[in-house]
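**Q** pasted the sequence and its predicted model underneath.
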Amino acid sequence: MKILVHFDMNEEQRQALQDTASRHGNHQLLFASSEAEAIALASEIEVLMGHFLPSVCATALGLRWIQSFSAGMDNFLFPEIVERDVVVTNMAGLYASQGGEHAWALLLALTRGIAESVHAREHRQWRGGATIELAGGTLGVIGLGGFGWETAKRAAGYDMTVLALDPVRRDCPQGVDELKLPTRENLFDLLRRSDAVVIACPRTPETYHFIGREEFAAMKSTAYLINTTRGGIIDEEALADALQNGEIAGAGLDVFEREPLPPESRLWNAPNLIFTPHRAGASQHRSRKSCEFFCQQLERYLAGEQLLNVVGKRRGY
């Protein structure tokens, strides 16, 4: 069997994958560093790990399993791969810890006026921004998967009441005070009660522009909005208006509907907004963690065991 790896790996990581493959037979690992290389190697493969592009998958007629390098799947589940009899698995949960840290970094930077202080220092001015205490407040988390759960766990250090919405999870874990289905009624209840709202759900047809004008109007004028998962869940025009009109106190974003954020976006000049360039899932451990998970998944596949993180292709996560 031939296994194509389209993902940056060092020699040690490549050898670890090769050792995994060798334990279960004479399987051949192929490595590609570009789309052209991947297309040239794809015709005889059964497994594809890392990036999976439409052009590569169209060539890989014998493809049976794809292990994505990404947790979010909204940009990758193109129609052909949804219709084909190909199992897709993702990295859900693998980058959750750093995602939770990043959400809190954005929230704390907003509530403690960090961005204003950094900007003032550049001009040798002694001033800062907001000084808001989160302790004892209410945190709303939309989506209690990896990112959401890691964000919610950290609220315990601030003695916050945690409200969560999730379409799948039914058990209310310790540290979460309420867990409900993401109905419109439950969403608006969460928005009205929360001092900070964290978006931690995947982007699907159901969650596209999930937060728009009506939702901003329901939020407290003193509340903050954070999104570290996927762009497109927030209506960015509505967000620009909400910030400009003072409907909410501020927002922190790591993801956008179009990336990089286009020059004409009103968010560049929106008040009380801080953002980072899609970095929430990054860490010094990401490459190692990815390789270890690839090895674990390949071991399962070659041993005929159930794979982890199987994606519902039509569901979108």
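**A** Nice, thanks for sending it over. Residues are numbered from 1 along each chain as shown.

**Q** residue 258: what's it in contact with?
**A** 231, 265 (Cβ atoms under 8 Å, 6 or more residues apart in numbering). In short, each C-beta sits where N, CA and C put it, glycine included.

**Q** burial measure for residue 114, as a count.
**A** Using other Cβ atoms under 10 Å, residue 114 is surrounded by 17 other residues.

**Q** how far away is it from residue 120?
**A** Distance of residue 114 to residue 120, computed by Cβ to Cβ, to the nearest Å: 11 Å.

**Q** between the two, which contacts overlap?
**A** Common neighbours of residue 114 and residue 120 (Cβ under 8 Å, 6+ apart) are residue 128.

**Q** wait, a helix at residue 291?
**A** Yes. Remark: residue 291 belongs to a helix, assigned using DSSP: H, G, I helix; E, B strand; the rest coil.

**Q** residues touching residue 6, list them.
**A** 31, 32, 33, 38, 48, 49, 50, 51, 52, 56.

**Q** please redo it, this time with the cut-off set to 10 Å
**A** 30-35, 37-38, 41-42, 48-53, 56, 69 (Cβ atoms under 10 Å, 6 or more residues apart in numbering).

**Q** just the buried residues of those.
**A** If you count burial by 16 or more other Cβ atoms under 10 Å, the buried members of the contacts of residue 6 come out as 30-32, 38, 41-42, 48-53, 56, 69.

**Q** nearest to residue 100 among the residues you listed?
**A** residue 69 (20.1 Å; Cβ to Cβ).

**Q** thought residue 268 was touching residue 261?
**A** Yes. If you go by Cβ atoms under 10 Å, residue 268 and residue 261 touch, sitting 7.0 Å apart.

**Q** between those two, which contacts overlap?
**A** Common neighbours of residue 268 and residue 261 (Cβ under 10 Å, 6+ apart) are residue 275.

**Q** so between these two, which is more surrounded?
**A** residue 261 (18 against 12).

**Q** need phi/psi at residue 88.
**A** For residue 88, the backbone dihedrals are phi -120, psi 130 (criterion: degrees, to the nearest 10).

**Q** can you give me the helices in the stretch 201-317 of the chain?
**A** With helices called from DSSP state H, counting those that start in this stretch, the stretch 201-317 of the chain shows them at 213-218, 236-244, 286-302.

**Q** got a list of what the nearest residue to residue 111 once chain neighbours are set aside touches?
**A** Spatial nearest neighbour of residue 111, chain neighbours left out: residue 132 (4.0 Å); criterion: Cβ to Cβ, 6 or more residues apart in numbering. Applying Cβ under 10 Å, 6+ apart, we find residue 132 in contact with 107, 108, 110, 111, 112, 113, 195, 196, 222, 224, 249, 250.

**Q** and residue 294, what does it touch?
**A** 3, 5, 7, 9, 13, 16-17, 20, 49-50, 67, 69, 91.

**Q** ok, back up a step: now the residue nearest to residue 111, what's its secondary structure?
**A** The three-state label given to residue 132 by three-state DSSP is coil.

**Q** and residue 128, how far is that from residue 115?
**A** Distance from residue 128 to residue 115, by Cβ to Cβ: 9 Å.

**Q** okay, those two: which has more neighbours?
**A** Neighbours of residue 128 and residue 115, each counted by other Cβ under 10 Å, are more numerous for residue 115; the result is 19 against 16.

**Q** can you give me phi and psi for the residue most central in space within the chain?
**A** Geometric centre of the chain, nearest residue: residue 229, 3.1 Å, by Cα atoms, centre = their mean. Backbone geometry at residue 229, expressed as degrees, to the nearest 10, gives phi -100, psi -80.

**Q** that one and residue 210 touch, don't they?
**A** No. Counting by Cβ under 10 Å, residue 229 stays clear of residue 210, with 11.3 Å between them.

**Q** how about the contacts made by the closest residue to residue 117 other than its chain neighbours?
**A** Leaving aside its sequence neighbours, residue 117 sits nearest to residue 128 (Cβ to Cβ, 6+ apart; 4.2 Å). Neighbouring residues of residue 128 by Cβ under 10 Å, 6+ apart: 112, 113, 114, 115, 116, 117, 118, 119, 120, 121.

**Q** could you do residue 192 as well?
**A** Residue 192 sits in contact with 140, 218, 219, 220, 223, where contact means Cβ under 10 Å, 6+ apart.

**Q** the residues you listed into JSON lines, with extra columns for pLDDT?
**A** Shown next, in JSON lines, are the contacts of residue 192 (pLDDT from 0 to 100):
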{"residue": "140", "pLDDT": "98"}
{"residue": "218", "pLDDT": "98"}
{"residue": "219", "pLDDT": "98"}
{"residue": "220", "pLDDT": "98"}
{"residue": "223", "pLDDT": "98"}
